[in-house]
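Novice: 3D, please:
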Amino acid sequence: MKLLAAALFLALATSALGATGADVEAAERARFEALTKQDLAKVESMHADDHVYSHSSGGCDTKKSYIDSIRAGALTYRQIDVKEMK
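Specialist: Sure, this is the predicted structure:
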């Protein structure tokens, strides 16, 4: 659910910039790779400073608290499997 919300947000944001579906998919796959490799510099560069991450549990994180959670090990992405992107 979290990935669906993030993918939808990214798709809407980039469609306004003229990005194609392939561009959106490439950006999402790059983000997934950065998350699973814990490349926090890359993750940070891929999110706007006013980014708000809404979790499927109902909780929300700012960009800073989201990245801090990953850095602290409270949130870990070991693997992200995508069956289909539209």
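
Novice: Next, work out how far apart the most far-flung residue of the chain relative to its centre and residue 60 are.
Specialist: The centre of the chain is farthest from one residue, residue 18, which by Cα atoms, centre = their mean lies 19.6 Å away. For residue 18, the distance to residue 60 equals 29 Å [Cβ to Cβ, to the nearest Å]. The way it works is simple: take the backbone N, C-alpha and C, and place the C-beta from them, glycine included.

Novice: Any regions of the protein where pLDDT drops low?
Specialist: Flagging of the chain using pLDDT under 70 yields the residue ranges 1-17.

Novice: Strands along the chain, start to end?
Specialist: 52-54, 60-62 (DSSP state E).

Novice: Out of these, which gets nearest to residue 85?
Specialist: strand 52-54 (19.0 Å; Cβ to Cβ).

Novice: and the closest one, what other elements does it pack with?
Specialist: strand 60-62, helix 63-72 (3 or more Cβ pairs under 8 Å, 6 or more residues apart in numbering; DSSP states H and E).

Novice: hang on, the earlier thing: do you know how far the residue farthest from the centre of the chain is from residue 24?
Specialist: 11 Å.

Novice: And residue 54, by the same measure?
Specialist: Counting by Cβ to Cβ, the gap from residue 54 to residue 24 is 19 Å.

Novice: Among these two, which residue is more densely surrounded?
Specialist: Neighbour totals were compared for residue 54 and residue 24, and residue 24 leads with 19 against 14 (other Cβ atoms under 10 Å).

Novice: Count the neighbours of residue 53 for me.
Specialist: 19.

Novice: what about the residue lying closest to residue 62 once chain neighbours are set aside, neighbour count?
Specialist: Nearest residue to residue 62, sequence neighbours excluded (Cβ to Cβ, 6 or more residues apart in numbering): residue 52, at 6.3 Å. For residue 52, the neighbour count with other Cβ under 10 Å is 13.

Novice: Perfect, I'm done here.
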